[in-house]
Every structure is written in structure tokens, then in C-alpha cells.
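[1] got a predicted structure plus its sequence, pasted below:
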Amino acid sequence: MTMRPEDFAENPPGEVEMVDGIFAFSPDPLPPDLEATHDLLTENGDAMYAVGQLSDLERWLDSPEVILSPLIHREAVDSSNIETTTRLTLSDIYRREAGEEPGQTETERADIAEAQNYVEAITTGLQALRNGAELDRDLLCQLHEILLQGARGEQKNPGEFRTDLVGIDEPGTPLGEARFVPTPPASIPYALRSLLQYIRSGPTYAPIVDLALMHYQFETIHPFEDGNGRLGRLLVMLALYKWDLLPGPYLYPSSYFNANRDAYLDRLLAVSRDGAWTEWVSFFVQAIAEQGREAYTVARQLLALRDRYRDQYQGQGAVVHELIDFIIEHPYLTEPQAVAALDRSQPAVNQAIRRLWDGDVLRETTGQQRNRRYEAPAVLDVVEPYNP
């Protein structure tokens, strides 16, 4: 269905303009006027409570990275599954990190590579903010370049704003027939600069409401040729950290967006066409609340599993306990990976792996005598996202 000016409300939150014979939409600068309905205030309270639970979690964690790594990998899988035909699993990424080449086709392997790029982008972005970097154009372009490296998007100008109009619709839809055409290229630098200034100034409304506004704005500007969805969802996680709402990437909103993909896309489009801000903000805030609660549950389950293993192997040496922490972070591993991560001797790590294998904490997956690979089934059962 071709995008036309008459499809938009009389006063949409932006401008519909013709560029090279195609109508495109540029959103107005943030913030819009929002009505604080009772339902929205209640939903926001639920979301803030869920985020607060996650924030408190780190205060009593002796090693936050033990649960951060699985949560980051979950977000990578779900964010990629929104945009790819391959149904990725956490095991796909972990196996690739362990040196395998999972995937039966070139498309599947490319999708897995993109998901692994997402893990690297999250890690790089959080570390940059911890080191004092701003959420600015340079950081976004750096993260975009990471997202597209070595994958299909590598030919789509990684780290550079697009120079052509693009259409948002099913793959293969001609530009002139696209359901939505985002901001024209000439307006992208100004629109994105305004958005980033708004983010750096801190929330105008309740923080999670502002995250909804920010996410809509970024996706509607659509500054890059490819990877905008993944980068826009990553931006949510970075802003949660930058605004001191969370001490790390504990919350993975893509799981909710993936499970409700049609509603997610429809709500975004309805803001541009009809100014339906309240419906979009409500949808987004509910996503944060639900995913906050789920992330908290997963984190507690991981910690309970780790504590059970520690009790089970109490008094069996420091290397075994270090390996237990490592398999919670990396439930698919090789012996060289564990040796490098633990900085212990190969015989000591081999002995620790054997103990966990004998106790059914680890399972060997190759059936070989050499180059063995192991997985931790109970850990994967906790962290593997439930695909809709």
C-alpha cells in the first residue's frame, strides 16, 4: 500500500514531503504533548517497579557479569529474530563463539553472525559510556559499524547515514509501494542531532515514557540503510544505563517486541499517521514492565542454579568453583576457552571439566576424544528465550 499524504491525520506529528516523486515522513522534534492518563500512570509505575528490582539486583551480586552475559545474549537473539527469517537460538551464538560454524545455509550463518555482532555492540556501547563517552553521533556510528561487520549489511555503508530513500514494508516491496517511507536523507543529520540532544538533556516526562518517545523517533528517522531496528533497541538499553535507571544491560526489550511484532510495527506507524502517542507509549511501557519482571526471574534462577552447583561441589577446589561461574556465563564451551578465561593450567581445568561432566552438570556434544565441546543443559534451559 503506497504511502500518501491523505493517509495521515490532519495534524500528524511530522511533515509529509515529496522527494524525487516519493512521499516521505519526517517526525517533529521531541517532545510531543502527552496526556497523562490514569492507565498510563499505572503502567509506568509497574514498569518502574520492575526496573527498580533489576537495579537492586546488582547490589548483592558478587560477580554481575555471571548473569549479564546470558541476558545480553538473550537480547541479541530476540533482536535478530525480529528481522530475520532464521529462528535463532542462544545455542547458535554460543556455539559460534566456541569456534563452531552453526547454521545449515549461508543465510542462517549470516543471521547468527549478525546476532553475535549485537553482543559485541552492546558490550562496546556500555563500556564506552562507563568510560565517559556521550550518546552522540560518533558512538552510534561506531556501534552501527559493529552491527554490520562481516555480515550481509557489510555492503550497506556501515557507520554512515543513508543517502537514499528507503521503504518500510515486506522485503522486495518497491519503494513507490512501501507502507512507510522515513525521513529523507538530507534531513537525517539534523533530525538525529535533535534527538541525541534530547536524550543527553535527560527525561522530560517519566524516564520510561521518554524511552518510548526516543525509540519511536529513532526508528522513524531511520538514519542508516540497514540495522536501524537493532540499533534502535540497543539505544534503549544504553539510555537506561545513561539515565542511571539500570547499572548494566539487564533488561532485554526485544523479547516483547519479537513476541508482539505486528503490534510493535503497527503502533509505531500509528504515531506517524494519527499521532497515536498514548497507544504507543502504553505498548512500550508494558514491554519494559514485562521484560523487567522476566529478566529478574531469569537472573534469580541463574543465581539459584549457581548456588546449587557451589554447594554440590563444596570443598572440591577453586578451579571447580571458577568453572561453575564460567559455565553460567558461557553454557557452551571448549576446554581452551575455559583455560584462557580462568587463567588456570590445562590439566587443572581438564580435571574440573571432568568433575562437572561426571556430575551431569556438563554434557559433551561431539562424542570425540579430541576437540571436545561441552554444554550446560540446565543453564540453557533457564536462559533460552521462548520463541513465540
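    Structure's in. What do you need?

[2] may I see the domains of the protein written out as residue ranges?
    5-297, 313-383 (automatic domain parsing).

[3] out of the ones you listed, which one sits most buried?
    For the domains of the chain, the largest average neighbour count (mean count of other Cβ atoms under 10 Å) is found in domain 5-297, namely a mean of 19. Using the backbone N, CA and C atoms, a C-beta is placed for each residue, glycine as well.

[4] worst mean pLDDT among the domains of the chain?
    When the domains of the chain are compared on average pLDDT, domain 5-297 comes out lowest at a mean of 86.

[5] can you get me the start-to-end distance on that one?
    Length of domain 5-297, first residue to last, Cα to Cα, to the nearest Å: 46 Å.

[6] now it, how far from the chain's geometric center?
    Taking Cα atoms, centre = their mean, to the nearest Å, one finds the center of domain 5-297 at 7 Å from the center of the full chain.

[7] which residues in this protein form strands?
    For the chain, strands defined by DSSP state E occupy the ranges 14-19, 22-27, 332-334, 363-364, 373-375.

[8] which one, of the ones you listed, ends up nearest to Y241?
    Closest approach to Y241 among those is made by strand 22-27 (24.6 Å; Cβ to Cβ).

[9] give me the angle between the closest one and strand 14-19.
    Relative orientation of strand 22-27 versus strand 14-19 (axes from the mean of the first three to the mean of the last three Cα atoms, to 10 degrees): 150 degrees.

[10] what packs against strand 22-27?
    On a contact count with 3 or more Cβ pairs under 8 Å, 6 or more residues apart in numbering; DSSP states H and E, strand 22-27 meets strand 14-19, helix 207-221.

[11] please export the C-alpha coordinates of the shortest one as PDB.
    Once non-C-alpha atoms are left out, strand 14-19 reads as follows in PDB (Å, rounded to 0.1, in the frame of the first residue of the first chain):
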ATOM      1  CA  GLY A  14       5.700  15.500  11.500                       C
ATOM      2  CA  GLU A  15       5.800  16.500   7.800                       C
ATOM      3  CA  VAL A  16       4.900  14.500   4.700                       C
ATOM      4  CA  GLU A  17       7.000  15.800   1.800                       C
ATOM      5  CA  MET A  18       7.700  14.700  -1.700                       C
ATOM      6  CA  VAL A  19      11.300  13.800  -2.600                       C
END
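
[12] show me what it is packed up against.
    Applying 3+ Cβ pairs under 8 Å, 6+ apart, one finds that strand 14-19 contacts strand 22-27.

[13] strands paired with the strand it packs on, and their directions?
    strand 14-19 (antiparallel) (DSSP bridges).

[14] show me the contact partners of the strand it pairs with.
    Contact with strand 14-19 is made by 5, 8, 23-28, 165, 184, 220, 272, as judged by Cβ atoms under 8 Å, 6 or more residues apart in numbering.

[15] any idea how far N228 is from T183?
    11 Å (Cβ to Cβ, to the nearest Å).

[16] what do you get for D164?
    12 Å.

[17] check N258 too.
    For N258, the distance to T183 equals 25 Å [Cβ to Cβ].

[18] ok, which of the helices and strands packed on strand 22-27 comes nearest D136?
    Nearest to D136 among the helices and strands packed on strand 22-27 is helix 207-221; the distance by Cβ to Cβ comes to 13.5 Å.
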